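Novice: coordinates for the following, if possible.
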Amino acid sequence: MTAPLDASEISEATLHRLFDWWNEARGAERYPARSAFDPMAEPSLLASLLMVETADALEAFRYRVFGTDAADAFGEERTGKRFDHIRLPDRNEGDVLTGYWSVYRDGVPHYFPNRPIAQSRAYAGYSRLLLPLGPDRPSGGPSRILGAFAFFPRR
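Specialist: Okay, here's the model as predicted:
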């Protein structure tokens, strides 16, 4: 099981704002319901936002939202696509997808800091925050994963 995330670990302001919202929305619950999240409440996050519909297998997870900054950085619009139908331009990106599985399996946030992106991309790297949203699926685990990217420009 993944250890709970300490907010002080998150160094990017955008991701910290999202974590603070999530933490406040959940109150005493393990995680908040999807209905508690209004993406228009934080318009500055929209371009970097993602939302994933979970399933019983990682390859069947589906991006419901994939922000424009994320699509530009990865060279692919992933909204509506299942994980088994996305291109993984970085040979290690498959390892990155397992972060989604840990959020689903453990029901706790996952912070992935300072990940480099392939040289052919517009950004040098990114950090990502993934947060579980309810309600739980019948087989257990959150029904949605909310997240955001913070991208680092090339110098």
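Novice: end-to-end on stretch 54-63?
Specialist: Chord length of stretch 54-63, first to last residue, is 9 Å (Cα to Cα, to the nearest Å).
Novice: now tell me what touches that stretch from outside.
Specialist: Residues from elsewhere that reach stretch 54-63 (Cβ atoms under 8 Å, 6 or more residues apart in numbering): 50-53, 78-84, 86, 97-98, 100-101, 104, 137, 139, 141-145. No exception for glycine: its C-beta is placed from N, CA and C like everyone else's.
Novice: now do 7 Å
Specialist: Residues lying outside stretch 54-63 but in contact with it, judged by Cβ atoms under 7 Å, 6 or more residues apart in numbering, are 50, 52-53, 78-84, 97, 100-101, 104, 137, 139, 141-145.
Novice: for Ala33, give me phi and psi.
Specialist: Taking degrees, to the nearest 10, you get phi -80, psi 150 for the backbone angles of Ala33.
Novice: got it, and the one 5 residues further on?
Specialist: Summarising the backbone geometry of Asp38 under the convention degrees, to the nearest 10, its torsions are phi -120, psi 110.
Novice: quick one: end-to-end distance for stretch 61-78.
Specialist: End-to-end distance for stretch 61-78: 12 Å, by Cα to Cα.
Novice: buried sites along that stretch?
Specialist: Along stretch 61-78, these residues count as buried under the neighbour rule (16 or more other Cβ atoms under 10 Å): 61-67, 69-71, 73-74, 78.
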